[in-house]
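>>> The amino acid sequence is not available; the structure is as follows:
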DNA sequence: GCGCCGCCTGAGCGGACGCTGAAAAGTCAG
DNA sequence: CTGACTTTTCAGCGTCCGCTCAGGCGGCGC
């Protein structure tokens, strides 16, 4: 079992290396993002422990880049702050799990073991419906060749619709997934955001990807309209 | 895929149930530890979402008990406080993963998915009777190659008839399943909607899928007419 | 053949639903 | 603090759909 640790803080990196080797893992260390990316590309690691804050190239970008290149080595992210935003972002960029600093050794190793047992994740790099594309890692979207600027919410909605393309999804389902599970407001917010997406993705191109299914919800045409 | 949610906070439990069901998981809820344990023992769940703070029996003990009894269903723990102590303890008692409250929906589902051994994502099958087809997920229906536009009610009725194709279903059965359980109006409404379906699905194609069985109800021909 | 009862049919009403523009509230950087 | 931008709320409006109703048709028993 071979592990790559990408961590710039030398004391921590050395500690991890020693500890993991004691657990029986062959361990390599990269001290910045650029080196980390290079090593991850060159060697078939069983898992990568990846700090988010890195000189050279941050952990998010490193992970996203690997995924774009079709490298699905399990990634365990180390995040300094806590809070769900980081977690969600880590998972979105293709990390498989994360541990919040400061962490205990026991937890890290347990998580790492679980990750390796599970094996490489398989997550589609980009979501598509016809010429409508969305890259969750890069947080970019296109209609054909032209890139579309979307806000965070708009992207979240588009991503959800793309993951269920061809299916009808109700407004309350959308609320549950795109907003917080305990969202208290009016379902009308969904209509408002659907309209925004239409204005950006359909209207300028004279297309009709976002269909209303009265009494049921919305459907993103599987062929992108 | 069947999930058990053990959570005493009713709003959260209801939200989780609804959301997970939207994701295609059959979801049961237990509101305290004792019930949770009982249900986990009785049913072969694919995963258990388990709050730590519970009336009756706390999450740690519940999980430990299951493991002692040789039940190894994957457990995802919900922990209110954060800090490594909880995490380590959760992992020690046999939990496979944990999420710290408050969590976002995205994170929870991602973790849950990771936990469950990835089976093929299967959309609910298309319902068919001869060349008459209906896709419940996409909310679309076809007669042969041509797609038929139906309203919400019309679809609900068609779906019900398709699920009972070849059988005679009475008007009151139809009312009970397609309309609200406590529908107060006239049974004539069924006749009206049967007519609408005939106008859309049979007449244009010179077919006769929807048979009237006088005094008994209606039957959708198993071969689509 | 006759009448009754169950089913069919067309039209119309009222309300639910979704759409829309704008303004208020919240968020973030400088 | 200010200003730009995003998110959310709100209210008006038009359309569509679910339901009712009343009259017509036709099968079935007598």
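It's in. Worth saying up front: this structure is predicted, and the values here are computed from it rather than measured. Residues are numbered from 1 along each chain as shown, chains lettered A, B, ... in the order given.
>>> what's the next secondary structure element after the helix or strand bottoming out on mean pLDDT in chain A?
Sorting the helices and strands of chain A by mean pLDDT, DSSP states H and E puts helix A:84-92 at the bottom, at a mean of 52. For helix A:84-92, the following helix or strand on the C-terminal side (DSSP states H and E) is strand A:97-100.
>>> tell me the contacts of the closest residue in space to residue A:23 that isn't next to it in sequence?
Spatially, and ignoring its direct neighbours in sequence, residue A:23 is nearest to residue A:109 (5.8 Å; Cβ to Cβ, 6 or more residues apart in numbering or on different chains). Using the backbone N, CA and C atoms, a C-beta is placed for each residue, glycine as well. For residue A:109, the contact set (Cβ atoms under 8 Å, 6 or more residues apart in numbering or on different chains) comprises A:19-20, A:23.
>>> Can you give me the distance of residue A:109 to residue A:27?
Residue A:109 sits 12 Å away from residue A:27, going by Cβ to Cβ, to the nearest Å.
>>> What's the first helix or strand after the host helix or strand of residue A:64?
Secondary structure from DSSP H and E places residue A:64 in helix A:59-68. Going down the chain from helix A:59-68, the next helix or strand is strand A:75-79, by DSSP H and E.
>>> Does chain B have contacts with that following strand?
No. Judged by Cβ under 8 Å from any Cβ of the partner chain, strand A:75-79 stays clear of chain B, getting no closer than 12.1 Å.
>>> For the one helix or strand residue A:4 maps to, list every residue counted as buried.
Residue A:4 belongs to strand A:2-6 when elements are defined using DSSP H and E. Within strand A:2-6, the residues scored as buried using 16 or more other Cβ atoms under 10 Å in any protein chain shown are A:3-6.
>>> Ok, stretch A:8-22 next?
Applying 16+ other Cβ under 10 Å to stretch A:8-22 flags A:8, A:13, A:16-17, A:20 as buried.
>>> just stretch A:186-204 next, same as before
Result for stretch A:186-204 [16+ other Cβ under 10 Å]: buried residues A:189-190, A:193-194, A:197-198, A:200-202.
>>> now that stretch: mean pLDDT?
For stretch A:186-204, mean pLDDT rounds to 95.
>>> residues in contact with that stretch?
Taking Cβ under 8 Å, 6+ apart as the rule, stretch A:186-204 contacts A:132, A:141, A:143, A:148-150, A:153-154, A:157-158, A:161, A:171-172, A:174-175, A:179, A:207-210, A:212, A:218, A:225.
>>> Of these, which belong to strands?
A:132, A:141, A:143, A:148, A:210, A:212, A:218 (DSSP state E).
>>> nearest spatial neighbour of the residue in chain A that chain B sits nearest to, skipping sequence neighbours?
For chain A, the residue closest to chain B is residue A:215, as judged by Cβ to the nearest Cβ, at 3.4 Å. Counting by Cβ to Cβ, 6+ apart, the nearest residue to residue A:215 once its immediate chain neighbours are dropped is residue B:152, at 3.4 Å.
>>> Go ahead and confirm that neighbour touches residue A:214.
Yes. Contact criterion Cβ atoms under 8 Å: residue B:152 and residue A:214 qualify, at 6.7 Å.
>>> With neighbour numbers in mind, choose between these two.
Between residue B:152 and residue A:214, counted using other Cβ atoms under 10 Å in any protein chain shown, the more crowded position is residue B:152 (12 against 7).
>>> who in chain A is up against DNA strand C?
Counting by Cβ under 7 Å from any atom of the strand, chain A comes close to DNA strand C at A:171, A:188, A:191-192, A:194-195, A:198, A:212, A:214-217.
>>> now with 10 Å?
A:85, A:151-152, A:170-171, A:186-196, A:198-199, A:203, A:210-218 (Cβ under 10 Å from any atom of the strand).
>>> follow-up on the earlier one: element containing the residue nearest to residue A:23, please.
Counting by DSSP H and E, the element that carries residue A:109 is helix A:105-118.
>>> and after that helix, which helix or strand comes next?
Counting by DSSP H and E, what follows helix A:105-118 is strand A:127-129.
>>> SS state for the closest residue to residue A:167 other than its chain neighbours?
Closest residue in space to residue A:167, ignoring its immediate chain neighbours: residue B:137 at 4.3 Å, by Cβ to Cβ, 6+ apart. Using DSSP: H, G, I helix; E, B strand; the rest coil, the structure places residue B:137 in coil.
>>> Count the residues that sit near residue B:137.
For residue B:137, using other Cβ under 10 Å, the count is 16.
>>> Relative to residue A:223, how far out is it?
The gap separating residue B:137 from residue A:223 is 16 Å, by Cβ to Cβ.
>>> Repeat that for residue A:168.
From residue A:168 to residue A:223 the distance is 16 Å (Cβ to Cβ).
>>> Surely residue A:53 is in contact with residue A:59?
Yes. Using Cβ under 8 Å, residue A:53 is in contact with residue A:59, at 7.3 Å.
>>> Settle it for me: which of the two has more neighbours?
residue A:59 (25 against 15).
>>> leaving aside the residues next to it on the chain, what's closest to that one?
Using Cβ to Cβ, 6+ apart, the closest residue to residue A:59 is residue A:52 (3.9 Å).
>>> Also residue A:205?
residue A:143 (5.5 Å).
>>> repeat for residue A:158
Nearest to residue A:158 is residue A:134, by Cβ to Cβ, 6+ apart, at 5.6 Å.
>>> who's that neighbour bridged to?
residue A:127, residue A:141 (DSSP bridges).
>>> Return the residues in contact with it.
Contacts of residue A:134 (Cβ under 8 Å, 6+ apart): A:126-128, A:140-142, A:155, A:158-159, A:162.
>>> Give me the distance between it and residue A:128.
From residue A:134 over to residue A:128 (counting by Cβ to Cβ), the distance is 8 Å.
>>> Now the common contact residues for these two.
residue A:162.
>>> just checking, residue A:19 is part of a strand?
No. Going by three-state DSSP, the assignment for residue A:19 is helix, not a strand.
>>> what residues are up against it?
Residues near residue A:19 by Cβ under 8 Å, 6+ apart: A:105, A:109.
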